[in-house]
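Chemist: Provided below for reference: sequence and predicted model.
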Amino acid sequence: MKHDSVLLNEAIEGLRIQPNGIYVDGTLGGGGHAEAILKQLKTGFLFAFDQDPFAIAYAQKRLEKYPHFQLINRNFIHLEESLNELGVTLIDGLLLDLGMSSFQIDDANRGFSYLEETSLDMRMDPNQTLTAETIVNTYEFAELRRIFTVYGEEKMAHQIAKRIVDSRPLKTTSDLVKITDQVNRNQKGHSAKRVFQALRIAVNNELDVLEAVLKQALRVVKPGGRIVVISFHSLEDRIVKHFFKEESTSKLPKNFPGLIDETFNLKVITRKPILPTEAEMNENPRAKSAKLRIAERI
Ligand SMILES: C[S@@+](CC[C@H](N)C(=O)[O-])C[C@H]1O[C@@H](n2cnc3c(N)ncnc32)[C@H](O)[C@@H]1O
């Protein structure tokens, strides 16, 4: 089992690594991007976060020959707090390669895949209490419909939410797939794709933690440092795009007679997102939906 890092060279180039810089990989996963960063460091240092202890254990082994890194088994929402606890106030760059690793998708017991019959789990952090099973069995109809509509952009959200409520208790991924198969009979692609995406986002609170970490990045990335984000669906990409736009736009009224406009924090390096090459997409189907955006702290 292996995780193929997506947009590896593009992301590392985007970070513009200084050999003596301090970098944070917020999403360690299999450690592919982390290793590429470490290869370019001389006296610099890498802190890498992952909320999944299995990712931490795997990457610790992979990276053990490199001297200058520390792995942190926490959600990246604790970025600023964790760095401060370690006595670090400013970093030279932050990388986020969002979503799940192949290890997580392929691990039949974790409930991320609609192709495996298993418990409805979907937690990236196995110590968290909220699971997909809790959501499908206890959330009210309207909240389920909202989750499927907003996080899954699922057109049949209403019907699916209704059938779920009528079929409770749901125990396994197959119980849920049976419902999406009935409702989404004529849909292109797998009937459960959007519902699984939606539940995963809800279980792991993925959009809120992304917004929160981007705000913290403004405080911890030093001027000239880069923020590099790889996203895998339009909801994530939209958050990154809007954040970069908002923070790179002047907040002064047009023609304000100020001396120096210091009301913006970022320079956007990628006006359009960088996409994987055809070759990468052919080799790694997971790369197909990836988008890379880069901004520089000013
Ligand atoms: C796409 S994988 C990263 C792959 C990695 N860049 C590589 O090259 O192997 C995403 C990883 O980020 C972790 N992750 C996702 N959201 C997180 C969060 N909010 N806090 C900490 N880790 C997170 C997941 O557990 C997963 O291991």
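Modeler: That came through fine. None of the values given here were measured: they were computed from a predicted structure.
Chemist: give me the number of residues near the closest residue to the ligand within the stretch 151-298 of the chain?
Modeler: Distances between the stretch 151-298 of the chain and the ligand by C-beta to the nearest ligand atom are smallest at residue 209, namely 4.4 Å. Glycine gets a C-beta too; all of them are placed from N, C-alpha and C. For residue 209, the neighbour count with other C-beta atoms under 10 Å is 18.
Chemist: Report pLDDT for it.
Modeler: At residue 209, the predicted lDDT confidence score is 98.
Chemist: surely it meets residue 74?
Modeler: No. The criterion here is C-beta atoms under 8 Å, and residue 209 misses it with residue 74 at 11.1 Å.
Chemist: returning to what we had before: tell me which helix or strand the residue of the stretch 151-298 of the chain closest to the ligand sits in.
Modeler: Taking DSSP states H and E as the criterion, residue 209 maps to helix 206-220.
Chemist: immediately after that helix, which helix or strand?
Modeler: Following helix 206-220 in sequence, per DSSP H and E, is strand 221-231.
Chemist: Tell me the secondary structure of the residue lying farthest from the centre of the chain, please.
Modeler: Centroid-distance maximum for the chain: residue 257 at 40.6 Å, with C-alpha atoms, centre = their mean. Here residue 257 is coil, with the state taken from DSSP: H, G, I helix; E, B strand; the rest coil.
Chemist: Okay, the nearest residue to residue 92 once chain neighbours are set aside and the ligand: tell me how far apart.
Modeler: Sequence neighbours aside, residue 21 is the residue nearest to residue 92 in space, at 3.3 Å (criterion: C-beta to C-beta, 6 or more residues apart in numbering). Distance from residue 21 to the ligand, counting by C-beta to the nearest ligand atom, to the nearest Å: 18 Å.
Chemist: pretty sure residue 21 contacts residue 94?
Modeler: No. Judged on C-beta under 8 Å, residue 21 makes no contact with residue 94 at a distance of 11.4 Å.
Chemist: what separates the helix holding residue 209 from the chain centre, distance-wise?
Modeler: 11 Å (C-alpha atoms, centre = their mean, to the nearest Å).
Chemist: what's the average pLDDT for stretch 36-48?
Modeler: Rounded mean pLDDT across stretch 36-48 is 98.
Chemist: Is that stretch positioned near the ligand?
Modeler: No. Stretch 36-48 stays clear of the ligand (C-beta under 6 Å from any ligand atom), getting no nearer than 8.0 Å.
Chemist: buried ones in that stretch?
Modeler: 36, 37, 38, 40, 41, 44, 45, 46, 47, 48 (16 or more other C-beta atoms under 10 Å).
Chemist: Can I get it in CSV, CA atoms only?
Modeler: Output of stretch 36-48 as CSV, limited to C-alpha atoms (Å, rounded to 0.1, in the frame of the first residue of the first chain):
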residue,chain,number,x,y,z
ALA,A,36,10.7,16.4,-0.6
ILE,A,37,10.9,19.4,1.8
LEU,A,38,13.4,17.7,4.1
LYS,A,39,15.6,16.9,1.1
GLN,A,40,16.0,20.6,0.4
LEU,A,41,16.7,21.7,4.0
LYS,A,42,20.2,22.0,5.4
THR,A,43,19.9,23.8,8.8
GLY,A,44,16.2,24.4,8.4
PHE,A,45,13.4,22.5,10.2
LEU,A,46,10.1,20.9,9.3
PHE,A,47,7.1,20.5,11.6
ALA,A,48,4.5,18.2,10.2
